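Trainee: Starting from these lines, generate the structure:
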Amino acid sequence: MISFTIVLFFSVTGLTLNHADKFQGGVKTTQAKGKLDSSWVNSKDTLAIPKLTIVEYFRKNYPVKGAVSDFRIDDYQINLAFRAPGYEAAIFIDRVSGNFELTQTSAGWIGFINDLHKGRDTGSTWSWVIDISAVLMVLISLTGIILLLYIKRKRLNGILLVLLGTLLLYLVYRIWGQ
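Mentor: You can find the predicted model right below:
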């Protein structure tokens with residue numbers, strides 16, 4: 001039944017990814033502006049800028065989520081980004097004044113499950129889930145073929161159908177896939 005859930009999940013998300021134009025409806029963008037304590041951001045020494053304090057300020061005061069995927073400091077601006085499946089937040093901070101602009105984009109439920117399917121912004125634990133799922137699906141497929149080989153009446157037809165299916169997929173790609 002675990003394998004059933006895995007196959008169902010990757011099948012549904014395969015469809016939503018393949019037809020993203022039809023399943024994309026839930027994208028929502030919000031923006032906010034504000035001001036940070038300018039002493040946090042206008043130090044000449046970029047190593048003295050309290051990165052963790054800035055990150056935690058946004059986590060506490062704005063509903064940002066996910067991992068910090070980018071924290072860049074240049075002479076005039078700080079760029080900060082948070083990413084999670086189906087979610088992104090981009091923050092631009094003026095280093096002189098401390099003024100910032102925050103843009104959050106949520107792709108909704110479909111964007112969330114599509115990112116899980118692709119393993120985008122999910123972390124190493126989910127990467128393991130994807131790998132284990134792939135191994136389970138390979139084992140299911142191989143088990144089916146091995147069981148087929150033990151049934152004499154179905155063996156020849158089964159092998160022919162596997163070969164025919166493989167050939168058909170190849171031909172569909174070669175003829176219509178390019």
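Trainee: For the chain, name the helix or strand with the lowest mean pLDDT.
Mentor: helix 2-18 (a mean of 87; mean pLDDT, DSSP states H and E).
Trainee: For that helix, name the packing helices and strands.
Mentor: helix 108-118, helix 123-150 (3 or more C-beta pairs under 8 Å, 6 or more residues apart in numbering; DSSP states H and E). (Glycine included, C-beta is placed from N, CA and C.)
Trainee: Could you check how far Ile159 is from Leu149?
Mentor: In this view, Ile159 and Leu149 are 8 Å apart by C-beta to C-beta, to the nearest Å.
Trainee: Take the helices and strands packed on helix 2-18 and lay them out in JSON lines including mean neighbour count, mean pLDDT and distance to Leu15.
Mentor: JSON lines is the format used below for the helices and strands packed on helix 2-18 (neighbours: other C-beta atoms under 10 Å; pLDDT from 0 to 100; distance: least, C-beta to C-beta, whole Å):
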{"stretch": "helix 108-118", "mean neighbour count": "18", "mean pLDDT": "92", "distance to Leu15": "10"}
{"stretch": "helix 123-150", "mean neighbour count": "12", "mean pLDDT": "91", "distance to Leu15": "17"}
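Trainee: could I get those helices as CSV with distance to Leu102?
Mentor: Supplementary listing: the helices and strands packed on helix 2-18 in CSV, determined by distance: least, C-beta to C-beta, whole Å:
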stretch, distance to Leu102
helix 108-118, 19
helix 123-150, 23
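Trainee: closest one to Ser69 among the ones you listed?
Mentor: Checking the helices and strands packed on helix 2-18 against Ser69 by C-beta to C-beta gives helix 123-150 as the closest, at 11.2 Å.
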